[in-house]
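J.: Just need the structure, nothing else, for what follows:
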Amino acid sequence: MTDAGNGGARPGPAAAGMALAVLSAGTFATSGIFASALITAGWSPAAAAIARLGGAAVLLTIPALVQLRRRWGLLLREAGRVLIFGLVAMAGGQLCYFNAIESVPVGVAVLLEYLGVVLIAGWLLAGLAGSAQLGAAGIMWGLGEAVSLAAYFLLSAAQPSSLQPGGRECCVLPPAPATSCCCTATRAGSSRWPDWRWSRR
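T.: So this is what the prediction gives:
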């Protein structure tokens, strides 16, 4: 949408959505820190979860009523899914997370929480089993990327103190393209190097 006066774009739903997404990410990232402080002060994990969910419910009541006006039948048709989402995805998630940070650091609890992505990957792989979209080579390459990502974070955290941040990356980046070329040639089933010549138009 453009402004007829100056021809510039006016902020629309996309800008509002981006702002809400950033706000949601910020509140999600800081919830563990605040909950940990409450638990340290004597709150139980269940009380912290109730406080967080209750506050969210109060803030979202009016927007939910506006969205559902004259469409209450839609809510009734989706009542089962909404109930499961509220009990398992929201209340269950918060309760499990806050109980976790009572005995482990917040960072460890977040890493364990993100194993949910692994569960999603397993669910998708099970659904695609036997289809043409699921190839053994693609699975192996994807698992190889998972190993590389784990090695990246673990080795970065264990770098020697004498090597300044960035120094290691400068040393390993030059041979990295050669490694990629070898993998590409192996994947193609040929010992030839890839043709890097620029195509002429």
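J.: can I get the CA coordinates of the helix or strand where residue 127 lies in PDB?
T.: Secondary structure assignment for residue 127, by DSSP states H and E: helix 116-128. Extracted in PDB, the C-alpha atoms of helix 116-128 (Å, rounded to 0.1, in the frame of the first residue of the first chain):
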ATOM      1  CA  GLY A 116      11.100 -31.000  19.900                       C
ATOM      2  CA  VAL A 117      12.500 -30.200  16.400                       C
ATOM      3  CA  VAL A 118      14.000 -33.700  16.300                       C
ATOM      4  CA  LEU A 119      10.600 -35.200  17.200                       C
ATOM      5  CA  ILE A 120       9.100 -33.200  14.300                       C
ATOM      6  CA  ALA A 121      11.800 -34.500  11.900                       C
ATOM      7  CA  GLY A 122      11.000 -38.000  13.000                       C
ATOM      8  CA  TRP A 123       7.300 -37.500  12.500                       C
ATOM      9  CA  LEU A 124       7.900 -36.100   9.000                       C
ATOM     10  CA  LEU A 125      10.300 -39.000   8.100                       C
ATOM     11  CA  ALA A 126       7.800 -41.500   9.300                       C
ATOM     12  CA  GLY A 127       5.100 -39.900   7.200                       C
ATOM     13  CA  LEU A 128       7.300 -39.900   4.100                       C
END
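J.: Let me know the next secondary structure element after it.
T.: Next helix or strand after helix 116-128 toward the C-terminus (DSSP H and E): helix 136-157.
J.: Quick one: mean pLDDT over that next one.
T.: Helix 136-157 shows a mean pLDDT of 80.
J.: gap between the longest helix along the chain and the chain center?
T.: Of all segments of type helix in the chain, defined using DSSP state H, the longest is helix 13-40. Its chain's C-alpha centre and that of helix 13-40 lie 14 Å apart, by C-alpha atoms, centre = their mean, to the nearest Å.
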